[in-house]
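S.K.: 3D model of this:
(2 chains)
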Protein chains: 2
Amino acid sequence: MIVELINTGSELMLGRVLNTHQQWLCRQLSDLGWIVARQVAVADKGPDIQGVVRESLGRADLVIATGGLGPTSDDVTRDLIADLLGKPLHEDPAVLAPIIRYFETRKRRVPERTKLQGLVPEGATVLANGYGTAPGLAMEVKPNPFRPTGAPSWLIMLPGPPRELRPMFQETVVPLLQRVFPRPDLFVCRTLRAVGIGESVVEERVNPPLQHLMKAGLEVGYCARPGEVDVRLLARGPEATRLVSEAESIVAARLSGFVYGADDEELEAMLIRSLTERKQTLAVAESCTGGAIASRLTDVPGASAVLLAGWVTYSNEAKARFLGVRTESLAEHGAVSEQVAREMAEGARRQAGSDFALSVTGIAGPGGGTPEKPVGTVFIGLAGAGETVVEKNFNPFDRATFKAVTAQQALNLLRRKGLG
Amino acid sequence: MIVELINTGSELMLGRVLNTHQQWLCRQLSDLGWIVARQVAVADKGPDIQGVVRESLGRADLVIATGGLGPTSDDVTRDLIADLLGKPLHEDPAVLAPIIRYFETRKRRVPERTKLQGLVPEGATVLANGYGTAPGLAMEVKPNPFRPTGAPSWLIMLPGPPRELRPMFQETVVPLLQRVFPRPDLFVCRTLRAVGIGESVVEERVNPPLQHLMKAGLEVGYCARPGEVDVRLLARGPEATRLVSEAESIVAARLSGFVYGADDEELEAMLIRSLTERKQTLAVAESCTGGAIASRLTDVPGASAVLLAGWVTYSNEAKARFLGVRTESLAEHGAVSEQVAREMAEGARRQAGSDFALSVTGIAGPGGGTPEKPVGTVFIGLAGAGETVVEKNFNPFDRATFKAVTAQQALNLLRRKGLG
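M.R.: Residues are numbered from 1 along each chain as shown, chains lettered A, B, ... in the order given. As a prediction, this is how the structure comes out:
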């Protein structure tokens, strides 16, 4: 089964917004066993949209198009596709009613253009939108004039806002797909996540012992991300589970000490889960990461049971007042120093009464570097696992990468020394 | 001039990583006056990559392909493109030397596969990589067998990791493009950013008075994001500057009070800039946003001069101990209440000695809701602008959207009441 994804939006082509639909929809579909063969993005323009829809309908069994269903004048996808397929648009009162209700329950007037969203191409099924006003549409293109064989294709149109598209996909599109398409081949995909090791070294370690499984159909992929390398193990067919499971044991053994988890469990989620199981608690004292570590940890539901307190203390005064860092330490060693990282971690742990405390002090840049302590210098402390540990790292990256990599290193320090 | 972008990577099609190249490269190119007509993503597979490269070379004057140049066995783009164009690969010692040096300066052994990155297709120009080992490649496909006219196309290949691709694009690709392509038409794009107003209402207000400019060539686009609507004004040619500037005045007047800024300046950057100019300072006390507000503020270079301190206080005890929230208030009104938001803001301001303090207390979910205070309930406080202000909002979204929208509302409260 061939699946293609089309994302429409002039803002995408102008680089004004990030396209998060690609990852999200590709992930949902691959978890169901359908891998997207091609994803295309074009502007909200007639010839561009009609051109790519025509091409995709000429190749794919399932085409999913996102965007352009909203109320504003650049929302043109519905009209263009109806035109391409020669289907007239009809106003459907059953579609219009919840749109009007949406505004009424919010005590807002119904904007005139919003009513355009009640128009439905002939023969299309309407997908209800529980989180906004633009309904989705699904239609079987049959016969399919764009396919050499004339075989039918399904075309599904979803609204652009992620918080409308996502529940609509899960609540209405998935059941539809499961009804109209044959059950896919058994498909197993497992991603092992490693920290503190480079991509080339990962492959050197794991590739040779995986050769026999790759000859039997295992596919192996590598993906380097800030502070992390993912190893992806994938197989299909009746042997898929065995191949992936054997490969996983080999990779885990060859990368022992570096693999922290699998699949979607981020490092912070693994830590919150582990600390919750052990009934242990954590505090965080951040200077240069400015709340990024606390924010990552609190992205995890249930973090409130683990993270007792967090501080963002840029200034020397805040480090001294709220964490009890000694003014002599600040004067003698400077704020970016092993000693201050140590006192920040110990102070945070003492203040919060937590089992562990992480601290970070460093120079994120772009300004603030010196010859002895250039931009990228950072000290990461962990109190509570026996002796307080402080590591010095050098992350000479842009500000956003610096924050991401440093947060990853701090969480990894807790994993290695705290949970070890 | 037609520009197309190809992103290769099986991890993209499996939805394992977010494609950030599309936005970044589209944005860089549009700022230079070249708008990407089409972006395509495919897996790291021979027929897929060769297929889309062939199609793009058949349409575009410039094709930029990302990914697949690294050292691992799934990095196949270089070989596939050399094969497609019938260009043999040669090992280039000048390319290999910096790769070997990269490992030597890091006191690491050179992995064997890394040397494959020294292979260069005949006739290609090597683009140096200052931040990694995979060099980029540029080649003019001339004559171009895939284009009906035979007109030449430029093909540029860049490595996948963003922190390698981005400086390489700016340092080597931009000068190349400016040398080989004619200067584009004057192109002006301005995005006005509004908070606290819906997308339909924005269009109803600004569309009618923009009609005469749209007839003269102005293009208007709308984009709704969590807690924000962007209005994009775009024009080309000799009249572009006048059209966009007149449109901007109209939009600013019609959305007065809602527009906080323009183009890439995020709300947090505007606030840090404004507070720095006024020599005013800020503290943040966060419960359910868990550090997200502090982290957004500290994404801005120079935030350290403004953000004196931040607290993440989930528990009642932390709210009482570190912010001085009264235990009676917690007992009487509950942690998620107007009174506690007020005392958090006032306590943070007092503790930090800052001009302003923001506070947030609410229920991010998925657990923790009650009939009186369902998931999504949040109180946002601001101390320091005369009387302490507390707003109650209802953000019944997924956890990540809740954090993003709530942080946006808190920053907007500071904008309206603090800078007002």
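
S.K.: Tell me what residue A:191 is bridged to.
M.R.: residue A:232 (DSSP bridges).

S.K.: Touching stretch A:238-258 from outside, list them.
M.R.: The contact list for stretch A:238-258, computed with Cβ atoms under 8 Å, 6 or more residues apart in numbering or on different chains, reads A:186-190, A:192, A:194-197, A:202, A:205-206, A:209-210, A:213, A:216-218, A:220, A:231, A:233-235, A:259, A:262, A:416. In short, each C-beta sits where N, CA and C put it, glycine included.

S.K.: Can you point out the buried residues in stretch A:81-88?
M.R.: Neighbour counts over stretch A:81-88 (16 or more other Cβ atoms under 10 Å in any protein chain shown) mark A:81, A:82, A:84, A:85, A:87 as buried.

S.K.: Now do the same contact list for residue A:383.
M.R.: Contacts of residue A:383 by Cβ under 8 Å, 6+ apart are A:342, A:345, A:346, A:348, A:349, A:356, A:357, A:359.

S.K.: make it 10 Å
M.R.: Neighbouring residues of residue A:383 by Cβ atoms under 10 Å, 6 or more residues apart in numbering or on different chains: A:283, A:285, A:341-350, A:354-359, A:389-390, A:418.

S.K.: Run through the residues you listed and flag the ones next to chain B.
M.R.: Among the contacts of residue A:383, proximity to chain B is found for residue A:283 (Cβ under 10 Å from any Cβ of the partner chain).

S.K.: Are any of the contacts of residue A:383 buried, and if so which?
M.R.: Buried among the contacts of residue A:383 by 16+ other Cβ under 10 Å: A:283, A:285, A:341-349, A:354-359, A:389-390, A:418.

S.K.: could you give the mean pLDDT of whichever strand or helix holds residue A:206?
M.R.: Element membership for residue A:206, per DSSP states H and E: helix A:199-215. The pLDDT scores in helix A:199-215 average 93.

S.K.: how close does the closest residue to residue A:114 other than its chain neighbours sit to residue B:349?
M.R.: Sequence neighbours aside, residue A:71 is the residue nearest to residue A:114 in space, at 4.5 Å (criterion: Cβ to Cβ, 6 or more residues apart in numbering or on different chains). With distances taken as Cβ to Cβ, to the nearest Å, residue A:71 is found 41 Å from residue B:349.

S.K.: Now do the helices in the stretch 301-420 of chain A.
M.R.: Ranges of helices in the stretch 301-420 of chain A, per DSSP state H, counting those that start in this stretch, are A:316-323, A:327-333, A:338-352, A:399-413.

S.K.: taking the mean pLDDT, what do you get for stretch A:30-37?
M.R.: pLDDT averaged over stretch A:30-37 gives 90.

S.K.: Now the terminal residues of that stretch, how far apart.
M.R.: Start-to-end span of stretch A:30-37 (Cα to Cα, to the nearest Å) is 11 Å.

S.K.: near chain B at all, that stretch?
M.R.: Yes. Against chain B, stretch A:30-37 shows contacts by Cβ under 10 Å from any Cβ at A:30, A:31, A:35, A:36, A:37.

S.K.: Buried by neighbour count, from the residues you listed: which ones?
M.R.: Neighbour-count burial (16+ other Cβ under 10 Å) is assigned, among the residues of stretch A:30-37 next to chain B, to A:30, A:35, A:36, A:37.

S.K.: The contacts of stretch A:238-258, buried ones only, as a PyMOL selection?
M.R.: This is the PyMOL syntax for the buried subset of the contacts of stretch A:238-258, where burial follows 16+ other Cβ under 10 Å:
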select buried, chain A and resi 187+188+189+190+192+194+195+196+202+205+206+210+213+218+220+231+233+234+235+259+262+416
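
S.K.: For the stretch 251-400 of chain A, which segments count as strands?
M.R.: Along the stretch 251-400 of chain A, the segments classed as strands by DSSP state E, counting those that start in this stretch run A:259-262, A:282-286, A:307-312, A:356-362, A:377-384, A:386-394.

S.K.: Quick one: find the helix or strand in chain A with the lowest mean pLDDT.
M.R.: Counting by mean pLDDT, DSSP states H and E, chain A has its least confident helix or strand at helix A:93-105, which shows a mean of 82.

S.K.: ok, and does the helix or strand following that helix reach over to chain B?
M.R.: The helix or strand immediately downstream of helix A:93-105 is strand A:119-121, counting by DSSP H and E. No. Under the criterion of Cβ under 10 Å from any Cβ, chain B is not reached by strand A:119-121; the shortest gap measures 15.5 Å.

S.K.: Direction included, what does strand A:119-121 pair up with?
M.R.: Partners of strand A:119-121 in the sheet, by DSSP bridges, are strand A:89-91 (antiparallel).

S.K.: Identify the residues contacting the partner strand?
M.R.: Contacts to strand A:89-91, defined as Cβ under 10 Å, 6+ apart, come from residues A:78, A:79, A:82, A:83, A:115, A:116, A:118, A:119, A:120, A:121, A:122, A:124.

S.K.: how distant is that strand from the center of its chain?
M.R.: 37 Å (Cα atoms, centre = their mean, to the nearest Å).

S.K.: Surely residue A:354 and residue A:348 touch.
M.R.: Yes. Between residue A:354 and residue A:348 there is a contact under Cβ atoms under 10 Å: 7.6 Å.

S.K.: shared neighbours, those two?
M.R.: Common neighbours of residue A:354 and residue A:348 (criterion: Cβ under 10 Å, 6+ apart): A:282, A:283, A:284, A:308, A:309, A:383, A:384.

S.K.: Need the outlier residue of chain A, farthest from its centre.
M.R.: Distance from the C-alpha centroid of chain A peaks at residue A:328, with 43.4 Å (Cα atoms, centre = their mean).

S.K.: Could you check how far it is from chain B?
M.R.: Residue A:328 sits 21 Å away from chain B, going by Cβ to the nearest Cβ, to the nearest Å.
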